[in-house]
Every structure is written in C-alpha cells, then in structure tokens.
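Asker: Below is the sequence, then the predicted model.
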Amino acid sequence: MIVVVTGTPGTGKSTLAKAISEEFSLKLISVSSLVIERKLYFDYDQLRKSYVMDEERLKNVLREEIKGGAVVETIYPSVVENPDKVILLRKDPRVLYQELLKRGWSELKSAENAMAEAIGYVASEAWETFKDVCEIDVTDKSIEETKRISMNCDSQKVDWLTVKGIEGFLTFLDNVITRNAEH
Ligand SMILES: Nc1ncnc2c1ncn2[C@@H]1O[C@H](COP(=O)(O)OP(=O)(O)OP(=O)(O)O)[C@@H](O)[C@H]1O
Ligand SMILES: [Mg+2]
C-alpha cells in the first residue's frame, strides 16, 4: 500500500504520516528529507531558506523507494506515482500563520505559506493529480481524530476563500509579503 500525506507546511503531515506508518508497519518517507539526503536539488533559495528540488531525479528515486509500500509525506503530491490513498491536510491559514511564526520561521516564510494554504496551492495540485483525495480540515481536530477520519476517508472540500472575514487577513498577509520581499 502506498499512502500519500500532503498539505502546506505546518498542517500536520509528519505527525499523521508517522502514526499511519506505525499502525500499518509501512516504511515512512519524508520527501523533503529524501531531497536533502540524496542531494536531489539544484539550488538553495537564501531568501526563503529552502531548496529548489530536481523533480525528475526525485521521481526516479521515489519510484524505487516506495516499491513494497510506504507512507510518503510531501508538500508536492504529484511526485508520487499511483498511490492507493491520498490524504490532504488543511488548516485555517490564520491559525497556521501564528503556528509557523511560533516555530521561529520568518514573517515572509510564514506569510507565504499561510497565503499558499489560503489559496489552496497544495490542494489544487492534489486534486489535479489524483481523482480520489481524502481532504481533512485539521484546525479543530486532535491528532487521533484526524487519524480516524483519514482511515475512513470521509472527504470534505475546504475552501478558505469562502470563509467569512478572510479578506482582511489576506490583505494583511499581502502587506507582510510585500514589505519583507522588498529587502
Ligand atoms: N491532526 C492534527 N490536528 C491538529 N494539529 C496537529 C495535527 N497534527 C499535527 N498537529 C500539530 O501541527 C503542528 C505541525 O505538525 P507537523 O510538524 O506534523 O506538520 P508538517 O505538515 O509535517 O510540517 P512541515 O511541512 O513543516 O514538516 C505540530 O505542532 C503538531 O502538533
Ligand atoms: Mg513535517
């Protein structure tokens, strides 16, 4: 069985992927760790403190790594070929922004990721790549509850842009991004 756990940074991928891999005795693969360990990147983005990955090489390495089953956690769901299950985690961008700042991430990186979650960047990649996606809003859920829902795959569609009062927060994020990206 190949399970993909995807979502914007900070949505809980590592936590859920570890729990699933333990429950089903599946190999746990973190794509970001794999990219760094195998040097599957071209460049390092100093401003954002992140790597620019080599997608083709990554796909080739992953194809080998997932043979025999695995839980793969990634912010790029399309790099995994023919998974049996795709779990997409969503978190209220307002909550996510605060949590990312608390991790010690810069205002720019936190705001860009909160914005990506707000517009559903990872979610569109997941829905465009796979026909069956188990989408879960984890904002008010415990880790146990998320795990239980992911097993049953009671899918829900999440669209933060339709949430009342979100416009003000998006304007705020926009200002943070513009202010920090100028330098
Ligand atoms: N199901 C959940 N519901 C609510 N909060 C969760 C859930 N799972 C994890 N969290 C919390 O969210 C935070 C981020 O979790 P985690 O590190 O697993 O995210 P991640 O998606 O792997 O992030 P990254 O992409 O940066 O590695 C942690 O503080 C964790 O305790
Ligand atoms: Mg993680």
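Answerer: Yes, it's here. Fair warning: this is a prediction, and the values are worked out from it, not measured in the lab. Ligands and ions are numbered 1, 2, ... in the order given.
Asker: is it fair to say Ile136 lies in a strand?
Answerer: Yes: the assignment for Ile136 (DSSP: H, G, I helix; E, B strand; the rest coil) places it in a strand.
Asker: Pull the contacting residues for it.
Answerer: By C-beta atoms under 8 Å, 6 or more residues apart in numbering, the contact set of Ile136 is Ile87, Leu88, Leu89, Arg90, Thr146, Ile149, Ser150, Ser155, Gln156. (C-beta placed from N, C-alpha, C; glycine too.)
Asker: Tell me the pLDDT of the closest residue to the fourth one other than its chain neighbours.
Answerer: In space, Arg90 comes closest to Val158 once its chain neighbours are excluded; the distance is 4.3 Å by C-beta to C-beta, 6 or more residues apart in numbering. In this prediction, Val158 carries a pLDDT score of 96.
Asker: same thing with the one 10 residues further on?
Answerer: At Gly168, the predicted lDDT confidence score is 96.
Asker: for the one 10 residues further on, same thing?
Answerer: Among the per-residue scores, Thr178 shows a pLDDT of 94.
Asker: same deal with Arg90?
Answerer: Looking at Arg90, its pLDDT is 98.
Asker: Tell me who's in contact with it.
Answerer: Counted by C-beta under 8 Å, 6+ apart, Arg90 has contacts Gly7, Thr8, Thr11, Glu117, Ala123, Glu135, Ile136, Asp137, Val138, Thr139, Val158, Trp160.
Asker: Equivalent analysis for Ala123, please.
Answerer: Taking C-beta under 8 Å, 6+ apart as the contact definition, Ala123 lies against Leu88, Arg90, Glu135, Val158.
Asker: what about the helix or strand it falls within, near ligand 1?
Answerer: For Ala123, the enclosing helix or strand under DSSP states H and E is helix 121-129. No: Helix 121-129 lies out of reach of ligand 1 by C-beta under 6 Å from any ligand atom, never closer than 9.8 Å.
Asker: can you check stretch 142-161 too?
Answerer: Yes: judged by C-beta under 6 Å from any ligand atom, stretch 142-161 comes into contact with ligand 1 at Ile143, Thr146.
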